[in-house]
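[1] what shape does this take:
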Amino acid sequence: MSVNLNPDLFQLAMSDEAQPLMDLVKKHCEENVAPIQEEFYGLHSQKEDRWSWHPRQLELLEEVKNKAR
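    Down below sits the predicted model:
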């Protein structure tokens, strides 16, 4: 039995059309996410339990999400 595989399915390089979006995502991470990481992860020890978020973590997430929109 011979299987005909489409070689295009194995092309995992980013398309030229997707590159501008990837550049925007990288820029957002560098400008908005990276600066809050230390504070965000530092709040981990102040949470009530390991399954919840610290209120400030939620604030930080909302701020970054709003900037991404």
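[2] going forward, measure contacts and count neighbours with C-alpha atoms only.
    Noted.
[3] wait, residue 46 sits on residue 55?
    No. Residue 46 is not in contact with residue 55 according to C-alpha atoms under 8 Å; the separation is 10.0 Å.
[4] gap between the spatially most central residue of the chain and residue 43?
    In the chain, the C-alpha closest to the average C-alpha coordinate belongs to residue 29, at a distance of 7.3 Å (C-alpha atoms, centre = their mean). Shown here: residue 29 relative to residue 43, a distance of 20 Å by C-alpha to C-alpha, to the nearest Å.
[5] can you check residue 5 too?
    Applying C-alpha to C-alpha, the value for residue 5 to residue 43 is 49 Å.
[6] ok, and what's touching stretch 44-55?
    Around stretch 44-55, the neighbours that count as contacts under C-alpha atoms under 8 Å, 6 or more residues apart in numbering are residue 43.
[7] what's the straight distance from one end of it to the other?
    Stretch 44-55 has an end-to-end distance of 11 Å (C-alpha to C-alpha).
[8] same deal with stretch 35-45?
    So stretch 35-45: terminal residues 19 Å apart, C-alpha to C-alpha.
[9] buried residues in it, which are they?
    Within stretch 35-45, the residues that count as buried by 16 or more other C-alpha atoms under 10 Å are residue 40.
[10] so which residues of this protein form helices?
    For the chain, applying DSSP state H gives helices covering 19-28, 37-42, 55-68.
[11] which one of those helices lies nearest to residue 13?
    Nearest of these to residue 13, taken as C-alpha to C-alpha: helix 19-28 at 10.2 Å.
[12] now the closest one, how far from the centre of its chain.
    Distance, stretch centre to chain centre, for helix 19-28: 11 Å (C-alpha atoms, centre = their mean, to the nearest Å).
[13] just the angle between that helix and helix 55-68, please?
    On the basis of axes from the mean of the first three to the mean of the last three C-alpha atoms, to 10 degrees, helix 19-28 is oriented at 140 degrees to helix 55-68.
[14] low-scoring pLDDT stretches of this structure, where are they?
    Applying pLDDT under 70 to the chain flags the ranges 1.
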